[in-house]
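Enquirer: Everything below, folded, please.
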Amino acid sequence: MVDLRACRVRLLATGVSAGARFSPDGRWLAYSRATGGSPAVVRVSGGTGRAPLGAGIVSWWWAPDGELLYGVDHHGRVLATPPGGPRRVVAAGASVTGAAGPSPDGHRLAVSASQCQPPRSELDTVDLATGARRVALIRPHAPATFAGWSPDGRWLLYWAQAQCSASLSADGWPLDAVSAAGGAPSTRAVHNVLLYPDFLTWCGHTLIAASSPSRETQLGSRLVTTGPPSWRQHTIDSGRQSWVSPTCAPSGRLLAAAAGPSTQNAGFGVQHRSIWLLTPTGRRRRRLTKPPAASLSDEAPRFSRDGRWILFVRSQVILTRTSSSSDDTLELVRATRTGAATPVPLVRFTSGDFSYYDHFAWPTEVDWSSP
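Expert: The predicted structure follows:
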């Protein structure tokens with residue numbers, strides 16, 4: 001048995017929230033019930049939730065110190081508020097139509113504006129202290145989707161879409177990198193990545209991606225590395241298994257990922273993945289989990305802050321003629337011991353997430369705080 005008080009673990013799992021995040025200081029919880037919806041905030045100790053950012057929020061995130069909640073509304077304004085309010089306008093006229101994300105130091109915001117008719121996209125940075133805006137990228141004839149920052153804040157990543165097509169986007173796009181300072185051409189970082197944030201992770205200054213040839217992530221998804229300034233892609237594992245959801249330990253010395261048999265037409269929810277521990281260079285350390293039944297799959301690994309534990313979801317998809325759902329458990333497994341590891345079940349719950357095209361949305365539906 002594991003004494004969760006000794007591990008200092010707080011867990012959140014919900015099948016109805018489209019986004020849920022603890023504040024970095026562990027005192028507050030923000031959650032939204034619709035993708036891109038306005039978040040409610042409540043104390044972890046309990047109480048009544050409120051929406052300090054107001055209505056019409058399309059993207060939101062916590063400041064690194066947990067004292068401020070930022071958001072972008074449908075007017076393109078960047079807003080900031082402490083959990084108890086009041087809110088203030090940080091920058092106006094950002095014209096945000098796509099994703100937005102804070103820099104690693106919390107001082108800047110990357111915002112994207114993309115349109116289909118006529119096709120055009122722009123990626124900018126906004127100084128959160130002054131509201132000053134800098135253009136990093138303009139694609140005059142093609143859309144783009146923001147993917148994130150490099151850890152040093154010098155690069156922005158984005159999916160370089162060829163056209164506005166939900167069907168084509170479901171099979172992924174190339175991942176490109178551009179200087180956050182602007183004024184420089186972009187460069188290809190990864191040949192093809194599905195548009196899932198949990199398919200990308202940084203180990204120090206090395207970016208590790210699960211690169212899949214199609215939306216069927218159980219078929220031939222490889223682990224690849226790349227990074228600045230050359231952004232040369234190298235495959236670190238392309239064996240008989242198909243890899244998803246890589247995540248790096250805080251130390252940068254260990255990598256965890258979910259992997260299952262590379263199988264054609266396996267069907268939703270029957271990937272039968274396990275959690276593996278590797279080095280960032282791709283050398284396999286050991287297999288941490290092994291689902292006891294073919295209908296179970298271990299997904300979405302996440303390291304604790306001290307790197308000693310990995311949280312994951314063990315899921316079983318339930319398909320009926322009229323609905324689809326999953327029966328799930330949150331489990332912990334030690335990442336620091338040698339030999340066989342025994343996962344510890346923590347919480348059991350049901351969800352409407354049934355692994356559409358073999359990808360679970362657990363990274364946005366599950367969060368934990370381990371101070």
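
Enquirer: So, low pLDDT: which residues of the chain?
Expert: Along the chain, segments meeting pLDDT under 70 span 1-18, 33-36, 93-99, 238-239, 264-269, 339-340, 370-371.

Enquirer: give me every residue that touches the nearest residue to residue 206 once chain neighbours are set aside.
Expert: Nearest residue to residue 206, sequence neighbours excluded (C-beta to C-beta, 6 or more residues apart in numbering): residue 227, at 4.7 Å. (C-beta placed from N, C-alpha, C; glycine too.) Shown in contact with residue 227 (C-beta atoms under 8 Å, 6 or more residues apart in numbering): 205, 206, 207.

Enquirer: and those residues, which are buried?
Expert: The neighbour count (16 or more other C-beta atoms under 10 Å) marks 206, 207 as buried among the contacts of residue 227.

Enquirer: Redo the contacts of residue 227 as TSV? Include secondary structure and distance to residue 183.
Expert: Formatted as TSV, the contacts of residue 227 follow (DSSP: H, G, I helix; E, B strand; the rest coil; distance: C-beta to C-beta, whole Å):
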residue	secondary structure	distance to residue 183
205	coil	22
206	strand	25
207	strand	22
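
Enquirer: Using a markdown table, lay out the contacts of residue 227 together with distance to residue 223.
Expert: As requested, the contacts of residue 227 are exported to a markdown table (distance: C-beta to C-beta, whole Å):
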| residue | distance to residue 223 |
| --- | --- |
| 205 | 17 |
| 206 | 12 |
| 207 | 11 |
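
Enquirer: and residue 144, what are its phi and psi?
Expert: Main-chain dihedrals, residue 144, degrees, to the nearest 10: phi -150, psi 150.

Enquirer: contacting residues around it?
Expert: Taking C-beta under 8 Å, 6+ apart, we find residue 144 in contact with 98, 112, 114, 121, 123, 137, 158, 159, 160, 161.

Enquirer: switch the cut-off to 7 Å
Expert: Residues in contact with residue 144 (C-beta atoms under 7 Å, 6 or more residues apart in numbering) are 112, 114, 121, 123, 158, 159, 160, 161.

Enquirer: ranges for the helices of the stretch 51-200 of the chain?
Expert: With helices called from DSSP state H, counting those that start in this stretch, the stretch 51-200 of the chain shows them at 166-169.

Enquirer: And the strands in it?
Expert: 57-62, 69-73, 78-81, 88-91, 100-102, 108-115, 120-127, 133-139, 144-149, 155-160, 173-179, 187-193, 200-203 (DSSP state E, counting those that start in this stretch).
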